[in-house]
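Visitor: Predicted model and sequence below, questions to follow.
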Amino acid sequence: MSKFGELIDLQVPVLLDFYTKGNDASIAMHPVLNDVAAALGDKAKVIKIDVDKNSQLAEALRVKGLPTLMIYKQGEMKWRQSGEQDANTLIGLIEEYI
């Protein structure tokens, strides 16, 4: 969990994507997240978290539906939603916290 604290305690917004390899909606989000990361460059971070490998973290954050997306800035959750999102929506949301 201490590594998680380091991940989210940044000056730039951090978009977390909780996914599993067996979830079609999660897999569909990967190219979208790559587009978001490319569009924002070093103004934000996009981090994919495999729920199967990080079950304690997913449980602690009450991740139920997949994909679950969260935006953190300076250690504070700013936005959270389960389900697929398009790149433009995510870019717009993240830009609010840049």
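Guide: Arrived safely, thanks for sending. Residues are numbered from 1 along each chain as shown.

Visitor: Give me the phi and psi angles of the closest residue to D86 other than its chain neighbours.
Guide: Distance criterion C-beta to C-beta, 6 or more residues apart in numbering; nearest residue to D86, sequence neighbours excluded, is V32 at 6.5 Å. Every residue, glycine included, has its C-beta placed from N, CA and C. Per-residue torsions, V32: phi -60, psi -50 (degrees, to the nearest 10).

Visitor: Work out which residue lies at the spatial centre of this protein.
Guide: Nearest residue to the geometric centre of the chain (C-alpha atoms, centre = their mean): L16, 1.6 Å.

Visitor: quick revisit: can you tell me how far the residue nearest to D86 is from E59?
Guide: V32 sits 25 Å away from E59, going by C-beta to C-beta, to the nearest Å.

Visitor: residue contacts, K64?
Guide: With contact taken as C-beta atoms under 8 Å, 6 or more residues apart in numbering, K64 is in contact with S82.

Visitor: Give me the three-state assignment for it.
Guide: coil (DSSP: H, G, I helix; E, B strand; the rest coil).

Visitor: Okay, it and F18: tell me how far apart.
Guide: The spacing between K64 and F18, counted by C-beta to C-beta, is 10 Å.

Visitor: which residues of this protein fall in helices?
Guide: Remark: helices assigned in the chain by DSSP state H are 2-8, 24-40, 55-60, 87-95.

Visitor: helices or strands next to the last one in the packing?
Guide: Right, helix 87-95. Applying 3 or more C-beta pairs under 8 Å, 6 or more residues apart in numbering; DSSP states H and E, we find helix 87-95 packed against helix 24-40, strand 68-73.

Visitor: how about those in a markdown table, adding distance to A87 and mean pLDDT?
Guide: Shown next, in a markdown table, are the helices and strands packed on helix 87-95 (distance: least, C-beta to C-beta, whole Å; pLDDT from 0 to 100):
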| stretch | distance to A87 | mean pLDDT |
| --- | --- | --- |
| helix 24-40 | 4 | 97 |
| strand 68-73 | 12 | 98 |
